[in-house]
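Visitor: Pasting the sequence and the predicted model now:
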Amino acid sequence: DAGVTQSPTHLIKTRGQQVTLRCSPKSGHDTVSWYQQALGQGPQFIFQYYEEEERQRGNFPDRFSGHQFPNYSSELNVNALLLGDSALYLCASSWRTGSTEAFFGQGTRLTVV
Amino acid sequence: AQSVTQLDSHVSVSEGTPVLLRCNYSSSYSPSLFWYVQHPNKGLQLLLKYTSAATLVKGINGFEAEFKKSETSFHLTKPSAHMSDAAEYFCVVSDASGTYKYIFGTGTRLKVLA
């Protein structure tokens, strides 16, 4: 079992650009959540996808958007990047009707310059 | 609304001595509570979870936590610290209103002295 996989592991972008991060959930999981972890902080919930729809959203601007595909994988898109978007982005997968436990990927380290 | 407060941002212990990382929670529902560990430049690893079964929860690597409803606490303990325990620890409450989003504390950095 590959667990939760995220790509890329690191990337550097310029202010104003757009970025797409990818996540493949753990086998058997149907729900994907995204979190932003700024340096020295705890992860903050961005949004959650289930059945290809955004089900709940945290306090993030519309520049942050996502998508879930029929195979349950997910993308996080961030437009008009700001320096403050520099963070570790974590993907977590879970089984909607099962345990509350979520499994996390290793994260994507985004640096905006 | 759910929230967690980790009472110490940094904790230092000597190797072989007990570890105590403190966490208080607030929840409108019967909460699910977790402790995760994050080693430098790594993702999050689940240490243990409480989901309304036994109040004393045993996790991996010798860690355990006790759910105390009267004190709204879920403190993490380990009898004897090891150098490899040095990491960031997060207390987490799950929003059980239907979406199971996680609400993280601000973290406690554990330093283990030789």
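Guide: That came through fine.

Visitor: Pick out the residue closest to the middle of the chain.
Guide: I went with chain A, as the question did not name one. The C-alpha lying nearest the average C-alpha coordinate of chain A belongs to residue A:34 (C-alpha atoms, centre = their mean; 3.2 Å).

Visitor: other chain: chain B
Guide: The centroid of chain B falls nearest to residue B:35 when counting by C-alpha atoms, centre = their mean (3.3 Å).

Visitor: The residue of chain A at minimum distance from chain B: what secondary structure?
Guide: Here the residue of chain A nearest chain B is residue A:42; by C-beta to the nearest C-beta that distance is 3.5 Å. Any C-beta I mention is one placed from the backbone N, CA and C, and that applies to glycine too. At residue A:42 the chain is in coil, as set by DSSP: H, G, I helix; E, B strand; the rest coil.

Visitor: now stretch A:66-78: mean pLDDT?
Guide: Mean per-residue pLDDT for stretch A:66-78: 97.

Visitor: beta partners for the closest residue to residue A:104 other than its chain neighbours?
Guide: Excluding its sequence neighbours, the residue lying closest to residue A:104 (C-beta to C-beta, 6 or more residues apart in numbering or on different chains) is residue B:44, at 4.2 Å. Note on residue B:44: beta-bridge partners residue B:38, judged by DSSP bridges.

Visitor: Which pLDDT does the model give residue B:44?
Guide: Residue B:44 is assigned 91 on the pLDDT scale.

Visitor: For burial, what's the neighbour tally of it?
Guide: 26 (other C-beta atoms under 10 Å in any protein chain shown).

Visitor: list the contacts for it?
Guide: A:43, A:90, A:104, B:36-38, B:90 (C-beta atoms under 8 Å, 6 or more residues apart in numbering or on different chains).

Visitor: In PyMOL, select just the buried ones from those residues.
Guide: In PyMOL, this line selects whichever of the contacts of residue B:44 come out buried by 16 or more other C-beta atoms under 10 Å in any protein chain shown:
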select buried, (chain A and resi 43+90+104) or (chain B and resi 36+37+38+90)
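
Visitor: just the contacts of residue B:44 now: which is nearest residue B:18?
Guide: Minimum separation from residue B:18 among the contacts of residue B:44 (C-beta to C-beta) is found for residue B:37, which lies at 16.9 Å.

Visitor: Just to check, that closest one is in contact with residue B:45?
Guide: Yes: counting by C-beta atoms under 8 Å, residue B:37 touches residue B:45, with 5.2 Å between them.
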